[in-house]
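Participant: Predicted model, plus sequence, below.
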Amino acid sequence: MNLLTVENISKSYGELVLFENLSFGINKDQKIALIAKNGSGKTSILNILSGADSPDTGQVNYRKSTRVSFL
């Protein structure tokens, strides 16, 4: 069961492009980790998934009654 689908999201700040055309899905009972070097956009992805920020392009789709949080 797919809880979350991310389709072709991109995020940049001025001329700094963090990521482009990023797509993935998260299924029920799946555990994920974001591992990358500093400044690559990990926190920006989490902010987009939690609704605290929005992507420049693309969309994030949630299954009904899905809650997203992180610490």
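Facilitator: Arrived safely, thanks for sending. Numbering: from 1, shown residues only.

Participant: Helices of this structure, residue ranges please.
Facilitator: Applying DSSP state H to the chain gives helices spanning 42-50.

Participant: Any idea which residue is closest to the centre of it?
Facilitator: Ile45 (3.8 Å; C-alpha atoms, centre = their mean).

Participant: Give me the distance between that residue and Ser65.
Facilitator: 22 Å (C-beta to C-beta, to the nearest Å). Quick note: C-beta positions are derived from backbone N, CA and C, even for glycine.

Participant: ditto for Tyr13
Facilitator: 33 Å.

Participant: These two: which is more packed in?
Facilitator: Tyr13 (10 against 6; other C-beta atoms under 10 Å).

Participant: distance of the more buried one from Gln30?
Facilitator: Counting by C-beta to C-beta, the separation of Tyr13 from Gln30 is 30 Å.

Participant: check contacts around the residue in the chain sticking out farthest from the centre.
Facilitator: Centroid-distance maximum for the chain: Glu15 at 20.2 Å, with C-alpha atoms, centre = their mean. By C-beta atoms under 8 Å, 6 or more residues apart in numbering, the contact list for Glu15 is empty.

Participant: pLDDT score for it?
Facilitator: Here, the pLDDT recorded for Glu15 equals 94.

Participant: and what of Leu49?
Facilitator: 93.

Participant: tell me the contacts of it?
Facilitator: Neighbour list for Leu49: Leu4, Val6, Val60, Val68, Phe70 [criterion: C-beta under 8 Å, 6+ apart].

Participant: now, which of the residues you listed lie within strands?
Facilitator: Mapping the contacts of Leu49 onto strands (DSSP state E) picks out Leu4, Val6, Val60.

Participant: Could you pull up the contacting residues of the second one?
Facilitator: Listed by C-beta under 8 Å, 6+ apart, the contact partners of Val6 are Leu22, Ser23, Phe24, Gly25, Leu49, Gly58, Gln59, Val60, Asn61.

Participant: Could I have the ChimeraX command that selects the buried members from those residues?
Facilitator: The buried subset of the contacts of Val6, as determined by 16 or more other C-beta atoms under 10 Å, is captured in ChimeraX by this line:
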select :22,49,58,60
